[in-house]
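In: could you work out the structure for the sequence below:
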Amino acid sequence: MNDPTFYTNMSVVQHEYLANYSVDLFSTIDSSIIAQYDDVITTQAMYTQWYIGMVKKTVAASDVFLIFSPFTRRLWLSLLATIIVGGIVLYLLIIISRDEKPKVVDYFYYLYHVAASILGGDEYEFYSAPPVGRLFRLTILFFVVVIVSTYTANLAAILTRPQYSYGGPLTLEDLQSSVACFRIPRTPGEWIVPKFVSDMLLPPSDIPTFALLYAWGRQMLQDGECDVIIELEGNAILESLNYCDSMYLPPGIRLAPIPLFNVLRKEDAELERFISLNILVVLQSPEYMSILSNNLGIGKSCSKSGGTNKIDVDQMAGTLSHCDIPILFECVAPMSIDIMYVQGYSLCLGPSQSSLSSQH
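Out: Numbering: from 1, shown residues only. Reported below is the predicted structural model:
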């Protein structure tokens with residue numbers, strides 16, 4: 001069983017062992033033995049697993065706009081609309097509270113104060129509004145509490161979790177145009193998988209062990225020779241848990257459920273009935289789920305076992321750049337205005353007056 005050549009003609013080998021009374025039953029996923037031989041019977045399935053996909057996982061490059069990830073684009077646009085409407089409300093409140101009508105350009109001044117309020121900054125302009133403006137202020141304060149706390153919590157979660165990108169199909173629709181590696185030939189997957197993929201690659205026939213077969217598939221995936229590895233669920237989960245940083249199991253790729261059952265001689269019908277009844281009892285026990293978890297990794301995933309990462313400059317690149325650009329603008333703009341003012345003043349004075357002014 002540890003030799004891949006066992007799968008060259010699995011059903012024939014299994015039937016031979018049963019016919020020779022070398023074994024009393026075989027656990028298998030190869031249902032072809034039932035079609036080939038009429039002197040065998042099967043028990044209740046002990047476990048049904050699917051063929052699932054494994055794709056390449058890499059650490060994603062840092063995104064400058066990562067700090068905007070906590071909210072969707074739609075919510076950011078809603079916040080912008082809130083600021084615009086808030087500016088209009090504050091503008092109208094000032095008109096009500098003062099005798100003089102403010103200039104239209106003052107609206108942009110009020111926009112600033114509303115935006116600053118939503119960001120948790122100053123909001124002293126609200127104090128000059130009439131009493132009804134206090135209700136608007138309370139509304140803004142409540143809005144700030146909800147928005148800031150939600151944004152902070154989501155941003156902390158995004159910055160401290162690893163960011164990955166996945167290369168390969170993530171759905172059955174994507175799988176149809178993908179090249180798949182299948183590592184155990186002459187098993188049901190060899191004739192099932194081609195129905196779901198564009199092309200399927202099999203390993204060289206001279207690979208002597210299962211460990212080397214699995215290593216061949218992982219290397220082909222990392223080298224880009226295939227887009228996805230198709231593997232039985234139990235094997236794939238255990239393998240992915242050992243290679244969390246380089247392999248990912250897309251939940252959207254599940255195909256062809258394969259039952260694991262026992263094959264017996266037809267004359268052992270009483271034994272088959274006894275085994276099937278006990279299998280049904282075991283399937284409904286907590287111990288069964290514990291066995292699946294401990295031996296096949298069912299219910300486990302890399303995301304549940306992973307922790308948080310320390311925040312590095314890469315994650316904060318967006319914050320730094322969005323702060324540096326306004327600061328740089330604040331420094332350059334006044335200097336540019338001063339230079340333009342001095343040059344314009346010199347042109348107005350003329351050469352002789354400019355030299356006289358420089359002497360003074």
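In: all strands of the stretch 1-150 of the chain, in order?
Out: For the stretch 1-150 of the chain, strands defined by DSSP state E, counting those that start in this stretch occupy the ranges 25-28, 40-42, 47-59.
In: name every strand pairing with the second one and say which way it goes.
Out: Each strand that pairs with strand 40-42, with its direction, by DSSP bridges: strand 254-265 (antiparallel).
In: so how far is the strand it pairs with from its chain's centroid?
Out: Offset of strand 254-265 from its chain centre (Cα atoms, centre = their mean, to the nearest Å): 32 Å.
In: which is the succeeding secondary structure element to that strand?
Out: Using DSSP states H and E, the helix or strand that directly follows strand 254-265 along the chain is helix 269-283.
In: any idea how this protein splits into domains?
Out: Here the chain is described, according to automatic domain parsing, as comprising the domains 4-61+165-305, 66-160, 317-359.
In: now those in CSV, with mean pLDDT and mean neighbour count?
Out: Just so you know, the C-beta spots here come from the backbone N, C-alpha and C atoms, and that holds for glycine as well. Output for the domains of the chain, formatted as CSV (pLDDT from 0 to 100; neighbours: other Cβ atoms under 10 Å):
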stretch, mean pLDDT, mean neighbour count
domain 4-61+165-305, 87, 16
domain 66-160, 74, 14
domain 317-359, 53, 11
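In: hang on, the earlier thing: out of the strands of the stretch 1-150 of the chain, flag the one nearest residue 269.
Out: strand 40-42 (6.4 Å; Cβ to Cβ).
In: just put the strands of the stretch 1-150 of the chain in TSV and tack on distance to residue 243.
Out: Below are these laid out as TSV (distance: least, Cβ to Cβ, whole Å):
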stretch	distance to residue 243
strand 25-28	27
strand 40-42	34
strand 47-59	9
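In: so where do the strands sit in the stretch 151-300 of the chain?
Out: Listed in chain order (using DSSP E, counting those that start in this stretch), the strands of the stretch 151-300 of the chain are 164-167, 179-181, 199-201, 228-232, 247-248, 254-265.
In: in CSV: those strands, plus distance to residue 187.
Out: Below are the strands of the stretch 151-300 of the chain laid out as CSV (distance: least, Cβ to Cβ, whole Å):
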stretch, distance to residue 187
strand 164-167, 26
strand 179-181, 14
strand 199-201, 13
strand 228-232, 9
strand 247-248, 21
strand 254-265, 9
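In: so which of those comes closest to residue 173?
Out: strand 254-265 (12.1 Å).
In: would you mind getting the angle between that closest one and strand 228-232?
Out: Strand 254-265 runs at 30 degrees relative to strand 228-232, counting by axes from the mean of the first three to the mean of the last three Cα atoms, to 10 degrees.
In: what's strand 254-265 in contact with?
Out: Contacts of strand 254-265 with the rest of the structure, by Cβ atoms under 8 Å, 6 or more residues apart in numbering, involve 14, 18-19, 24-29, 31, 33-34, 39-52, 172, 175, 188-189, 192-193, 196, 230, 232-233, 271-272, 275.
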